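Visitor: Sequence plus the predicted model coming up.
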Amino acid sequence: MSIEKETKHAMENALRHLKEELKNLRTARANPGMVDSVPVSVYGATMRLKDIANITTPEARQLLITPFDQSNVTAISKGIEQANLGLLPAVDGNAIRIQVPPMDTSTRKEIVKQCKRKGEEGKIAVREIRRKQNELVRKKKSEGELTEDVQKKSEKKIQELTDQFCSDIDQACAAKEKEILEI
């Protein structure tokens, strides 16, 4: 795999990871991503909520969690409470309902700060990929595998990818901030 393709692949993974992290941030509307990765202790192991239950949004401010195995209802409820998401699960027969409370201004600002922090972490990951790939290019040049022209072109391409992915991260964070601040 060429250095450019390797760099692009690694940066795409970093962006994908950031987008998954942003899904978990709370907005004014209910979103299954809010509880997707909540750890739940079932069958003597810890599993993600999305692996043991169906998560839907029947209303704009409500989550409905239907376990695949009805005996897990209590464990799922405990897992959500222990995740400290500020959500109160209510067991409703064989399902769990969660009313997503409206957010006040201070909560919105705090979540926007989390969004920006995650965006900055994503950019740091992209820059770290750039640093490692540039080191790899320089090492190959010093070993005689690359000419100086190819080295300069590779470094330029790596920088272009870094700029592109940092821009993509900014766009993803801006869209999420808009969603968070929406009333």
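Guide: Sure thing, it's come through.
Visitor: elements contacting the longest helix seen in the chain?
Guide: Counting by DSSP state H, the longest helix found in the chain is helix 105-142. If you count contacts as 3 or more Cβ pairs under 8 Å, 6 or more residues apart in numbering; DSSP states H and E, helix 105-142 packs onto helix 3-23, helix 148-181. Just so you know, the C-beta spots here come from the backbone N, C-alpha and C atoms, and that holds for glycine as well.
Visitor: Relative to its centre, which residue of this structure is most distant?
Guide: In terms of distance from the mean C-alpha position of the chain, residue 144 ranks first, at 40.1 Å (Cα atoms, centre = their mean).
Visitor: Provide the backbone phi and psi angles at it.
Guide: Here is the backbone geometry of residue 144 (degrees, to the nearest 10): phi 90, psi 10.
Visitor: In space, what's closest to the residue at minimal distance from the centre of the chain - neighbours in sequence excluded?
Guide: Nearest to the mean C-alpha position of the chain, counting by Cα atoms, centre = their mean, stands residue 21 at 1.7 Å. Spatial nearest neighbour of residue 21, excluding adjacent residues (Cβ to Cβ, 6 or more residues apart in numbering): residue 118 at 5.0 Å.
Visitor: which regions of this structure lie under the pLDDT threshold?
Guide: Scanning the chain for pLDDT under 70 picks out 1, 28, 183.
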